[in-house]
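A.B. asks: Okay, structure incoming, though there's no sequence with it:
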């Protein structure tokens with residue numbers, strides 16, 4: 001899908017390896033959802049099922065780090081360990097596995113700690129400088145043996161162009177690669193930021209909806225990078241909904257090496273705003289990619305709200321529309337049912353005058369007015385079909401009360417979503 005461009009930000013290739021001083025790798029170590037016959041005894045997945053399932057990202061030098069985590073009361077063991085390791089705002093490496101979430105297990109913290117120790121030993125660094133993350137099935141014990149066997153090879157295979165191998169390793173039900181990188185100027189220095197994301201199901205705007213790993217060579221303090229991440233998450237990853245479920249292992253982290261050579265960013269000045277702008281460009285486009293690749297999805301849906309009394313009300317309306325299962329199903333069936341949109345706007349937990357609300361739908365196929373002043377109006381079904389047959393659909397809501405604006409992203413709801421989640425463990 002096409003990236004949304006921003007002024008002053010130039011998109012490039014390279015993902016998490018695009019910024020100076022970052023290497024990555026991914027390998028297939030043999031994790032499995034459940035025992036697979038005789039192969040399970042050796043922790044080896046048959047050739048037909050092979051996919052990288054263990055990734056490593058390493059910086060050449062210690063980095064300033066920031067992270068945001070799920071708001072679910074059930075938190076995966078890797079999050080608990082990572083939070084402890086990032087108390088000083090510094091880190092050097094990320095170790096992450098897919099297939100098994102290492103959550104709701106009595107030995108979870110022990111296994112997550114062991115992953116950090118194994119990575120640290122192979123890299124010759126302190127285990128407290130390692131971020132650990134896991135994604136996959138919840139409630140199954142994580143076998144540490146295949147990870148231990150693969151660790152030395154994983155570290156030895158690190159390269160400055162290993163981003164694709166690492167990206168494959170974090171994917172679960174994802175069907176599309178989600179990575180991005182960009183260059184921008186700070187203080188006359190060319191700076192770079194890159195990232196990769198996994199996320200397809202169990203996605204709802206409740207922070208952070210995903211595992212996302214970002215790298216940059218900007219010189220910035222841990223305090224300022226955390227401030228920027230907290231702000232940008234609210235208007236990007238925290239505005240995506242696929243199915244209304246919030247995972248237990250969601251994590252977004254960013255490592256800043258400082259190798260671009262810019263004057264260190266220590267306060268909210270103009271250079272900080274440039275960094276924040278670039279971070280928005282990266283996370284906004286990753287959010288769109290995640291929404292488009294929702295489990296079983298065929299279309300990206302964007303709800304843009306304007307004219308609200310405040311940005312907060314606009315955000316609530318956008319999230320309400322994008323989270324509606326009826327609207328998601330409507331988009332899949334290509335049925336322009338404006339009543340469903342008004343319904344979702346109407347049950348938003350906010351105060352506004354519904355009699356002022358207008359609704360349109362738009363895509364590359366055109367724009368069609370569906371409602372005015374709180375009422376559904378007559379429209380061309382033929383034009384509606386042209387609009388809805390496109391891959392990217394916009395729902396445009398005008399509140400008529402102020403200057404508040406917000407955008408949220410989601411996808412359609414298809415038969416395949418049930419098929420995928422009906423037998424996820426197998």
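C.D. replies: Great, that's in hand. This structure is a prediction, so every number in the text was calculated from the model and none was measured.
A.B. asks: So what are the sheet partners of the lengthiest strand in the chain and their directions?
C.D. replies: In the chain, assigned by DSSP state E, the strand with the most residues is strand 54-69. Sheet pairing of strand 54-69 (DSSP bridges) gives strand 22-27 (antiparallel), strand 90-97 (antiparallel), strand 251-256 (antiparallel).
A.B. asks: Helix or strand next in line after the last one, which one?
C.D. replies: What that stands for is strand 251-256. Per DSSP states H and E, the first helix or strand lying C-terminal to strand 251-256 is helix 270-292.
A.B. asks: Run the angle between that next one and strand 251-256 for me.
C.D. replies: 140 degrees (axes from the mean of the first three to the mean of the last three Cα atoms, to 10 degrees).
A.B. asks: hang on, the earlier thing: pipe the strands paired with strand 54-69 into TSV and attach mean pLDDT and mean neighbour count per row.
C.D. replies: From N, CA and C alone the C-beta is placed, and that goes for glycine too. Listed next are these as TSV, based on pLDDT from 0 to 100; neighbours: other Cβ atoms under 10 Å:
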stretch	mean pLDDT	mean neighbour count
strand 22-27	98	24
strand 90-97	98	24
strand 251-256	96	27
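A.B. asks: which of the residues in the longest strand of the chain are buried?
C.D. replies: By 16 or more other Cβ atoms under 10 Å, the buried positions in strand 54-69 come out as 54-59, 63-69.
A.B. asks: For residue 275, find the nearest of the strands paired with strand 54-69.
C.D. replies: strand 251-256 (9.0 Å; Cβ to Cβ).
A.B. asks: Need the residues that contact that closest one.
C.D. replies: 22, 57, 59, 63-70, 78-79, 82, 86, 91, 94, 131, 133, 195, 208, 210-220, 225, 229, 233, 237, 279, 283 (Cβ atoms under 8 Å, 6 or more residues apart in numbering).
A.B. asks: hmm, try it at 7 Å
C.D. replies: Strand 251-256 is contacted by residues 59, 63-69, 79, 82, 91, 94, 131, 133, 208, 210-216, 218, 220, 225, 229, 233, 237 when judged by Cβ atoms under 7 Å, 6 or more residues apart in numbering.
A.B. asks: Helix or strand for the residue of the chain most remote from its centre, just tell me which one.
C.D. replies: The outermost residue of the chain relative to its centre, with distances by Cα atoms, centre = their mean, is residue 378 at 38.4 Å. If you go by DSSP H and E, residue 378 is not part of any helix or strand.
A.B. asks: Relative to residue 336, how far out is it?
C.D. replies: 12 Å (Cβ to Cβ, to the nearest Å).
A.B. asks: and if you look at residue 6?
C.D. replies: Distance from residue 6 to residue 336, by Cβ to Cβ: 31 Å.
A.B. asks: ok, these two, which is more surrounded?
C.D. replies: For residue 6 versus residue 336, the count of surrounding residues by other Cβ atoms under 10 Å is larger for residue 336: 21 against 17.
A.B. asks: Let me know the pLDDT of the more buried one.
C.D. replies: With respect to pLDDT, residue 336 scores 94.
A.B. asks: That one touches residue 385, doesn't it?
C.D. replies: No: taking Cβ atoms under 7 Å as the definition, residue 336 is not a contact partner of residue 385, at 8.1 Å.
A.B. asks: Kindly reformat the strands paired with strand 54-69 as JSON lines containing distance to residue 158.
C.D. replies: JSON lines is the format used below for those (distance: least, Cβ to Cβ, whole Å):
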{"stretch": "strand 22-27", "distance to residue 158": "4"}
{"stretch": "strand 90-97", "distance to residue 158": "10"}
{"stretch": "strand 251-256", "distance to residue 158": "15"}
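A.B. asks: which stretch among those comes nearest residue 392?
C.D. replies: Taking these one by one with Cβ to Cβ, strand 251-256 is closest: 24.2 Å.
A.B. asks: Which residue lies nearest the spatial centre of this protein?
C.D. replies: Note: the chain centre (Cα atoms, centre = their mean) maps to residue 210, 4.4 Å.
A.B. asks: Grab the nearest non-local neighbour of that residue.
C.D. replies: residue 199 (3.5 Å; Cβ to Cβ, 6 or more residues apart in numbering).
A.B. asks: so how far is residue 342 from the one you found?
C.D. replies: 30 Å.
A.B. asks: More neighbours: the two, which one.
C.D. replies: Taking neighbours as other Cβ under 10 Å, residue 199 and residue 342 compare with residue 199 leading, 31 against 19.
A.B. asks: Can you name the residues that contact the residue nearest to the centre of the chain?
C.D. replies: The neighbours of residue 210, taking Cβ under 7 Å, 6+ apart as the test, are 197, 198, 199, 203, 237, 250, 252, 290.
A.B. asks: any idea of the pLDDT on it?
C.D. replies: The predicted local confidence for residue 210 is 84.
A.B. asks: again with residue 62
C.D. replies: For residue 62, pLDDT reads 97.
A.B. asks: do residue 243 as well
C.D. replies: 65.
A.B. asks: next one: residue 37
C.D. replies: pLDDT, residue 37: 40.
A.B. asks: Low-confidence ranges, the stretch 151-300 of the chain, go.
C.D. replies: 200-209, 243-246 (pLDDT under 70).
A.B. asks: in it, which spans are strands?
C.D. replies: 179-186, 189-198, 211-216, 240-241, 251-256, 300-308 (DSSP state E, counting those that start in this stretch).
A.B. asks: how about the nearest residue to residue 301 once chain neighbours are set aside, what does it touch?
C.D. replies: The shortest distance from residue 301 to any non-neighbouring residue, by Cβ to Cβ, 6+ apart, is to residue 410 (4.8 Å). Neighbouring residues of residue 410 by Cβ under 7 Å, 6+ apart: 240, 241, 242, 291, 301, 322, 323, 328.
A.B. asks: just to revisit the earlier point, please convert the strands of the stretch 151-300 of the chain to CSV, extending it with distance to residue 145.
C.D. replies: Output for the strands of the stretch 151-300 of the chain, formatted as CSV (distance: least, Cβ to Cβ, whole Å):
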stretch, distance to residue 145
strand 179-186, 30
strand 189-198, 24
strand 211-216, 23
strand 240-241, 36
strand 251-256, 24
strand 300-308, 40
